[in-house]
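Colleague: Structure of the sequence below:
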Amino acid sequence: MICFSRIDDRLIHGQVVTTWVNLFKVEQIVVLNDKLATDQTQKNILAMAAPQDIKVVVLTIEKFAEIYRTKGLSRRTMLLFTNSIDVLSTVNAGVPINELNVGGMRFQEGRTQLTKALSVTNEERSAFQQLLDKGVTVTIQMVPNDEKVNLTEVIK
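Modeller: Predicted structure coming up:
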């Protein structure tokens, strides 16, 4: 079952593994990113960053959607993304994501800063808007103790 979905451009790091994984009793982290899925070095680094008892899988969006549709998930699974475009693609591929946590999309040239932790390109903004239009609840929250900010309050 999917128990938590998060965007964090840093992917697996201290905050993710110590707080969110424990809070949601995650047994498996699935990183969904077509580029990373073909990079064995990055896949190895991500696997090493997680606690030993947490299975880490890096898949293309299409492959995960196929697995989800045909076999389902037997473990409590956290979906982890680097951006809203990948989340939208996953939802459009038939994977149900009702709630999305945004932990961080850092500011870089060509991005508009919406909050301290969230900066977007025009394409990412559009993907967020489409997710909201599909009824996905999107909140910005770095760690569980932080106050949740609803994306609708900062995206315009």
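Colleague: What are the boundaries of the helices in the chain?
Modeller: If DSSP state H is used as the criterion, the helices of the chain fall at 14-15, 21-23, 40-49, 61-70, 84-92, 122-133.
Colleague: per-residue confidence averaged over the first one?
Modeller: The reference is to helix 14-15. In this model, helix 14-15 has a mean pLDDT of 78.
Colleague: Ok, stretch 42-49 next?
Modeller: Looking at stretch 42-49 alone, the average pLDDT works out to 92.
Colleague: Contacts made by that stretch with the rest, please.
Modeller: Outside stretch 42-49, the residues within contact range by CB atoms under 8 Å, 6 or more residues apart in numbering are 11-13, 17, 31, 36-37, 56, 58. For the C-beta atoms, the positions are set from N, CA and C on the backbone; glycine is no exception.
Colleague: Who wins on neighbours among the residues you listed?
Modeller: For those, the largest number of neighbours (other CB atoms under 10 Å) sits with residue 58, at 25 neighbours.
Colleague: Now tell me which helix or strand of the protein has the poorest mean pLDDT.
Modeller: Least confident element among the helices and strands of the chain, by mean pLDDT, DSSP states H and E: helix 14-15 (a mean of 78).
Colleague: hmm, back to that, of all the contacts of stretch 42-49, which two lie farthest apart?
Modeller: 17 and 37 (20.4 Å; CB to CB).
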